[in-house]
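[1] next input, structure requested:
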Amino acid sequence: MVDPTTYQKIQQIDNQGLKTLLDGGDAVVLDVRTPMEMHTLGVIPGAKLLPIQELMTRLEELDKNQPTAVICEHGVRSVFAASFLVDQGFQTVYNHTEGMHRWNGERVQPD
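    Prediction:
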């Protein structure tokens, strides 16, 4: 369960909100799905691919001062990942509520 105080610090965004962030160019998209899910639905170009089960051990790969938008397949795991980031001191965290299954922007296959 996500702590209500932590949850309030996470900005909830939809497809349009994520597109606005991407257009601004200063946020990183953090995709926390499994590699199989990434290959099935594709990924947002330029997204940081970091499965949620590896987030704790690879946290140093992320910049706590860079705005971070978290996405998963349906918007559930992303809120847990976003909550973890806030608890770790990340300053600006967004949760994409619609997930990749409803993403209507550009997609590419992961490397």
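
[2] now the end-to-end length of stretch 42-54.
    19 Å (CA to CA, to the nearest Å).

[3] got it, and stretch 39-52?
    From its first residue to its last, stretch 39-52 covers 16 Å (CA to CA).

[4] before we move on, what about stretch 32-49?
    Taking CA to CA as the measure, stretch 32-49 stretches 6 Å from start to finish.

[5] quick one: average pLDDT of it?
    Taken as a whole, stretch 32-49 carries a mean pLDDT of 97.

[6] the residue nearest to residue 3 when sequence neighbours are not counted in helix, strand or coil?
    Leaving aside its sequence neighbours, residue 3 sits nearest to residue 83 (CB to CB, 6 or more residues apart in numbering; 7.0 Å). Quick note: C-beta positions are derived from backbone N, CA and C, even for glycine. Counting by DSSP: H, G, I helix; E, B strand; the rest coil, the backbone at residue 83 sits in helix.

[7] count the neighbours of residue 83 for me.
    Residues lying near residue 83 (other CB atoms under 10 Å) number 20.

[8] quick check: it vs residue 66, distance?
    Remark: distance between residue 83 and residue 66 (CB to CB, to the nearest Å) = 18 Å.

[9] that older thread, contacting residues for the residue nearest to residue 3?
    Residue 83 makes contact with 2-3, 6-7, 10 under the criterion CB atoms under 8 Å, 6 or more residues apart in numbering.

[10] distance of it from residue 28?
    Residue 83 is 17 Å from residue 28, by CB to CB.

[11] using the three-state scheme, assign the most centrally placed residue in the chain.
    The residue lying closest to the centre of the chain (CA atoms, centre = their mean) is residue 70, at 1.2 Å. Secondary structure state of residue 70, per three-state DSSP, is strand.

[12] that one against residue 82, yeah?
    Yes. Assessed by CB atoms under 8 Å, residue 70 is found in contact with residue 82 at 4.5 Å.

[13] spit out the residues that contact those two alike.
    Contact criterion CB under 8 Å, 6+ apart; residues shared by residue 70 and residue 82: 93-95.
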